[in-house]
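S.K.: Quick check, what structure comes out for this input:
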Amino acid sequence: MEQAARTSVNRGVPAQSRALPKTTATGGKAISRDGTPIAYERTGSGHPLILVDGALCWRGMGPSRPLAKALGGHFTVYSYDRRGRGESGDTRPYDTEREVEDIEAVLMAAGGEAFVWGMSSGAMLALMATTRLPGITKLALYEAPLIVDGSRATTEADWAAIRAAVAAGQLGEAVRAFLKSVGMPGLLIALMRLTPIWRKLKAVARTLPYDGAIVAGDQLGKPLISGRWASVTPPVLVSDGGKSPAWMRHGNRALAEALPNASYVTLAGQNHMLKAKAHAPVLVDFFNRQP
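M.R.: As a prediction, the model looks like this:
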């Protein structure tokens, strides 16, 4: 399940971004190229770091706010609501390029240069952005949901069902189909329907096809295309969890091998439910590491 659950440190960073106490969070809105307002939250001090959420997550629900708090003593952390979620707008029609432009808008708010971290579908979105935005100087990816072999079923039918449910206004069914696709047991899904979290998930369910547009082409059980990310020259950390299924580790290992300047690590005891305390030290070490 998607969690719903020092190089020139101050170069290009606005003065107001440099001296925030780590317990202080300030909000704002960046305007994407198509006019869509993208809500973000800034906390901490140091080199800018942008966090990119996966499916069904936004600042108010998911890993970004706890992770920002854990990293705020080392970086000026920008967490934002992807379009269609939280306080951000959602200009139609959707295109994955618009989401890259949303990251660009947050990047400009951060001073034009930043590290970037992304999780799950957000990892693939962050990778897309890195191929287009030169201001991303380091990239960390956690559990990009790539299916590169036969270790699990492909997801074509799942994404088709999700798109159909959203188009019909059956948002609860879209959430159910997504959670089933990512491996959540049916009994647990049924129990979740009885909790307040279900309403929160339904509130952003119409954005699930956006995540499908980002990842579905890499969930076909086929090897990654050679040379696809040859232009991604910044250092990249690809990581996954030791308790995650084999298909996830296969995909992330393959991704690390496909990138020209990547390292790969499996975090012992971790899975797709990100724990900020376990991840923060790894990210601090990677982002502060000298070339």
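
S.K.: Next up, the contacts around K277.
M.R.: Contact analysis of K277 by Cβ atoms under 8 Å, 6 or more residues apart in numbering lists A70. C-beta: built from backbone N, CA, C; applies to glycine.

S.K.: Now do the phi/psi pair for the residue positioned nearest the centre of the chain.
M.R.: In the chain, the residue lying closest to the centroid (Cα atoms, centre = their mean) is G122, at 2.4 Å. Main-chain torsions, G122, degrees, to the nearest 10: phi -70, psi -30.

S.K.: Near the closest residue to it other than its chain neighbours, how many residues? Count them for me, please.
M.R.: Excluding the flanking residues, the one nearest G122 by Cβ to Cβ, 6 or more residues apart in numbering is V52, at 3.9 Å. By other Cβ atoms under 10 Å, 29 other residues sit near V52.

S.K.: is V52 in a bridge, and if so with what?
M.R.: G118 (DSSP bridges).

S.K.: so where's the stretch 1-150 of the chain uncertain?
M.R.: 1-24 (pLDDT under 70).

S.K.: go with 90
M.R.: Within the stretch 1-150 of the chain, the ranges that satisfy pLDDT under 90 run 1-27.

S.K.: Strands along that one, start to end?
M.R.: Secondary structure of the stretch 1-150 of the chain (DSSP state E, counting those that start in this stretch): strands located at 25-31, 37-44, 47-52, 75-80, 114-119, 136-142.

S.K.: secondary structure class for T233?
M.R.: On the three-state scheme (DSSP: H, G, I helix; E, B strand; the rest coil), T233 is labelled coil.

S.K.: let me fix that: G183
M.R.: Under three-state DSSP, G183 comes out as coil.

S.K.: State the distance from it to Y142.
M.R.: Distance, G183 to Y142, by Cβ to Cβ, to the nearest Å: 17 Å.

S.K.: Those two: which is more packed in?
M.R.: For G183 versus Y142, neighbours defined as other Cβ under 10 Å are more numerous around Y142 (28 against 13).

S.K.: separation between the more buried one and L267?
M.R.: Distance from Y142 to L267, by Cβ to Cβ: 8 Å.

S.K.: anything in contact with each of these two?
M.R.: Joint contacts of Y142 and L267 (Cβ under 8 Å, 6+ apart) are 239-240, 279.

S.K.: Tell me how many other residues surround V175.
M.R.: Residue neighbour count, defined by other Cβ under 10 Å, stands at 27 for V175.

S.K.: Would you mind measuring from it to K202?
M.R.: 6 Å.

S.K.: Flag every buried residue along the helix or strand where V282 lies.
M.R.: Assigned by DSSP states H and E, V282 falls within helix 276-288. Buried residues in helix 276-288, defined by neighbour count with 16 or more other Cβ atoms under 10 Å: 276, 279-280, 282-284, 286-288.
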